[in-house]
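Enquirer: Model the structure of this input:
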Amino acid sequence: MQKVILFDLYDTILKDKSFEFDRGLKYLHTLFQQSCSYEELIEYSETFIPFYEERKTTNNEISFIRDDFPMYCKNFDVNLQVDTEVLDYQIMNEMQEEYLEDETRITIEKLHAQGIKMYILSNSIFLSSSNKHLLNDFGIGKYFINLFSSADFGKRKPDNSFFEYAISIILQENPKVCKKDIVYMGNDYKTDVIGALNVGLKTIWYNEKELINAKNLDVCSISKFSDILDVNTHNYMFM
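Expert: Next up, the predicted model:
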């Protein structure tokens, strides 16, 4: 029987060091040259805040390169002839800083050695291609068969449709795998744990802060990433 782990990305595989939207806009301003001042660019960016806040209730996702970028160009009358995927990755690297813990890297290598098939399901305003590039930068992209970003799909976790989309692709790519063989692992109680359980996935809660399981959900909780290697309850069994 094959096993599949579908991971969350940020603060699960990669840890967030910082995220500053304005750093990305500063980079964008260098491309716009004399079309506007940096202050004007920041002021215009604030008009997008309601759309980002709305995501919390609608679970609709905004893609920076597909949704925001064209509006910046239109507002400041800029016609940039660029590779949008390249620009998406460049702006992502300006906005966010991530790091990979040695424990996580070693654990992923061990899971791969055991034949565990691994995928990633991530909430992100940046494209799947950018997030894959980031994993490659850390040297671990080769261990994941595919990565699904909400920026491409248009919906965010915990929306059922985003999970179901990833599940459908996993089952297509692995004919010998059943849905019951897929385990989801993430750090956020609402978007990851509740979201995965709502679509019927066995779920591991990467609970570093050892928070209380407020809804008493049927979930396996671990406080260290490497603990996934020892999980042997609820028929998860990776060893």
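Enquirer: Report the residue spans of this protein with pLDDT below the cut-off.
Expert: Where the chain drops to pLDDT under 70, the residues are 1-2, 232-239.
Enquirer: Tell me where it has helices.
Expert: All helices of the chain, identified by DSSP state H, fall at 21-32, 38-45, 49-58, 69-75, 84-95, 102-113, 128-137, 150-153, 160-173, 195-198.
Enquirer: which stretch among the ones you listed comes nearest residue 5?
Expert: Comparing these against residue 5 with CB to CB, the closest turns out to be helix 102-113 (6.9 Å). Quick note: C-beta positions are derived from backbone N, CA and C, even for glycine.
Enquirer: So which elements touch the closest one?
Expert: Judged by 3 or more CB pairs under 8 Å, 6 or more residues apart in numbering; DSSP states H and E, helix 102-113 is in contact with strand 117-122.
Enquirer: Distance from the strand it packs on to the middle of the chain?
Expert: 9 Å (CA atoms, centre = their mean, to the nearest Å).
Enquirer: And for that strand, what's in contact with it?
Expert: Residues from elsewhere that reach strand 117-122 (CB atoms under 8 Å, 6 or more residues apart in numbering): 2-10, 13, 108, 111-112, 131, 135, 143-150, 157, 162-163, 166, 170, 174, 177, 184.
Enquirer: PyMOL command for the buried members of those residues?
Expert: In PyMOL, this line selects whichever of the contacts of strand 117-122 come out buried by 16 or more other CB atoms under 10 Å:
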select buried, resi 3+4+5+6+7+8+9+10+13+108+111+131+135+143+144+146+147+148+149+150+157+162+163+166+170+174+177+184
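Enquirer: related to what we said a few turns ago, distance to residue 231 added to the helices of the chain, as a markdown table?
Expert: Output for these, formatted as a markdown table (distance: least, CB to CB, whole Å):
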| stretch | distance to residue 231 |
| --- | --- |
| helix 21-32 | 36 |
| helix 38-45 | 43 |
| helix 49-58 | 31 |
| helix 69-75 | 41 |
| helix 84-95 | 32 |
| helix 102-113 | 11 |
| helix 128-137 | 23 |
| helix 150-153 | 27 |
| helix 160-173 | 19 |
| helix 195-198 | 15 |
